[in-house]
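Visitor: requesting a structural model of the entry that follows:
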Amino acid sequence: MGRGSLRTSFTGSALVRLLAQLTDAEAPESKQAFAERLSQWLGWTDAISLSAALNTPAAPAAGARAAPLDKAEADVARVRAALTRAITEEGAFAAPPPPAPGEPLDPKAEFAAYRRRYVARQQAMEAGIAPLRERLRGALAGVSAEMARLAAVDAVMEQVLRDREHVLLAGVPRLLEKRFERLCRAEAEAPAEAASPGGWHDVFASDLQRVLLAELEVRLQPVEGLLDALRARPTSRHD
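Guide: Numbering: from 1, shown residues only. Here you go, the predicted structure:
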């Protein structure tokens, strides 16, 4: 997993740009180098763990065998496809039932239904990607001492950055709530002849799916980095 892959994984620029577009927020590029930003995220115990993983002489894990590349690629493709289907399936973000006649729309209560479905898919990504990442590390550990060290570094990085990633991505629904409220308000203020009751729900559902797909790419980038390392190993495809 190269430096460029790590940089993209933690900045998530495509996801940030999309959220900025939907919420009219500015997303300036950080002027800090990636290593400088990373140092701010790590505590001293994290730094010790990372240093140990980088500097400890590594060897292929005892009893580990390098998995065939095509098997690893199929594993990644299977997990990606399953998570993508859960996001894009028809009705995944269908509008909740409308209020009873005469009852006002409660945007907070209505958005809560969308929030639950969004968070459920975030949890599904966590549950599917973490074991996939571990399996890829196991495949790398059986290749060579260098690849075993890379697997160890990735394990440390996942551990020390997990909480920060969780906090950052848990904030996405709060940003999307602003988008929801804006669409709801625009519909309420639209002239009667221009209104399209319920149509804005479809727009918001599409927004949710686009953001979730961008988030999926962010979460999968460490996995793709490990897969790239497997592809680069000096072995035949069917070893």
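
Visitor: run through who's touching the helix or strand that residue 16 is a member of.
Guide: According to DSSP states H and E, residue 16 maps onto helix 13-23. Contacts to helix 13-23, defined as CB atoms under 8 Å, 6 or more residues apart in numbering, come from residues 25-27, 172, 175-176, 178-179, 207, 210-211, 214-215, 217-218. Every C-beta, even on glycine, is put in place using the N, C-alpha and C of the backbone.

Visitor: quick one, which of those residues are buried?
Guide: Neighbour counting with 16 or more other CB atoms under 10 Å marks 172, 176, 179, 207, 210-211, 214-215, 217-218 as buried within those.

Visitor: out of those, which are inside helices?
Guide: In this view, the buried ones among the contacts of helix 13-23 that belong to helices under DSSP state H are 172, 176, 179, 207, 210-211, 214-215, 217-218.

Visitor: hang on, residue 184 packs against residue 107?
Guide: Yes: Residue 184 is within contact range of residue 107, at 5.0 Å (criterion: CB atoms under 8 Å).

Visitor: show me where this structure has its strands.
Guide: Here the chain has no strands by DSSP state E.

Visitor: how about low-confidence regions in it?
Guide: Residues of the chain meeting the criterion pLDDT under 70: 1-13, 25-67, 99, 190-198, 234-239.

Visitor: please redo it, this time with the cut-off set to 50
Guide: 1-12, 32-34, 44, 48, 236-239 (pLDDT under 50).

Visitor: count of neighbours near the closest residue to residue 110 other than its chain neighbours?
Guide: Leaving out its chain neighbours, the residue that sits closest to residue 110 by CB to CB, 6 or more residues apart in numbering is residue 96, at 5.7 Å. If you count neighbours by other CB atoms under 10 Å, residue 96 ends up with 14.

Visitor: relative to residue 210, how far out is residue 96?
Guide: 20 Å (CB to CB, to the nearest Å).

Visitor: who's in contact with the nearest residue to residue 136 once chain neighbours are set aside?
Guide: Using CB to CB, 6+ apart and skipping residues adjacent in sequence, the residue nearest residue 136 is residue 226, 4.1 Å away. Taking CB under 8 Å, 6+ apart as the criterion, residue 226 is in contact with 1, 133, 136-137, 140, 150-151, 154.
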